[in-house]
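Asks: What follows is a predicted structure for the sequence shown.
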Amino acid sequence: MIISIEDYAVAHGKAVSTMRQRAQRGSFKTAKKIGNSWTIDSAEPLVDHRIKSHDDFVELYKRLGSVHAVARETNFSEAKIKKVLSSCGVYTSERAENIKRLFGAGKSREEIAKILGVKPRTVDTYLPYRKR
């Protein structure tokens, strides 16, 4: 049965504006704009594709095989993906190993950046998240 996006939002306990945005972005297979209103098949499932944990990144990385592919799939930056995967001990590179070695030797991020000829922000990409 075809219903309005407003009714779909109410049925799923979501904000109407959020469902309208998702329809505009093409997130639904059956959503169609008729005049100024959106309609959708009431049977269309509401799927949440958001990444909820670091484990989700790791699973995607193992399945897709590259940082670039994970970034493309999730719309997160490659730097963010590298940081998460490094924090989980899944991703490594020569640069990552050099940064970890220097950080372990007590160097600051600014000192590491100067030694390696990169920006401090680049160093941050390869340092794992700190546990609080």
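Replies: Now that the structure is in, tell me what you want to look at.
Asks: Which stretches in this structure count as strands?
Replies: Taking DSSP state E, the strands of the chain run over residues 2-4, 32-34, 37-41.
Asks: Kindly present those as TSV, with separate columns for mean neighbour count.
Replies: Every residue, glycine included, has its C-beta placed from N, CA and C. Putting those into TSV (neighbours: other C-beta atoms under 10 Å) gives the following:
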stretch	mean neighbour count
strand 2-4	15
strand 32-34	11
strand 37-41	18
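Asks: Any stretches of this protein with poor pLDDT?
Replies: For the chain, the stretches with pLDDT under 70 are 49, 130-132.
Asks: Domain-wise, how is it divided?
Replies: 2-41, 54-126 (automatic domain parsing).
Asks: Just put the ones you listed in TSV and tack on distance to residue 48.
Replies: Converted to TSV, those look like this (distance: least, C-beta to C-beta, whole Å):
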stretch	distance to residue 48
domain 2-41	10
domain 54-126	11
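Asks: Pull the contacting residues for residue 90.
Replies: Applying C-beta atoms under 8 Å, 6 or more residues apart in numbering, we find residue 90 in contact with 58, 61-62.
Asks: how close does residue 114 get to residue 122?
Replies: Going from residue 114 to residue 122 by C-beta to C-beta, to the nearest Å gives 12 Å.
Asks: Who has more neighbours out of the two?
Replies: Neighbour count, other C-beta atoms under 10 Å: between residue 114 and residue 122, residue 122 has more, with 16 against 13.
Asks: who touches the nearest residue to that one once chain neighbours are set aside in this structure?
Replies: Using C-beta to C-beta, 6 or more residues apart in numbering and skipping the chain neighbours, the partner closest in space to residue 122 is residue 113 (6.9 Å). Going by C-beta under 8 Å, 6+ apart, residue 113 touches 119-120, 122-123.
Asks: out of the domains of the chain, nearest to residue 47?
Replies: The minimum distance between residue 47 and these falls on domain 2-41, with 8.4 Å, by C-beta to C-beta.
Asks: in this structure, which spans are helices?
Replies: 5-11, 16-24, 54-64, 67-74, 78-87, 94-104, 109-116, 120-126 (DSSP state H).
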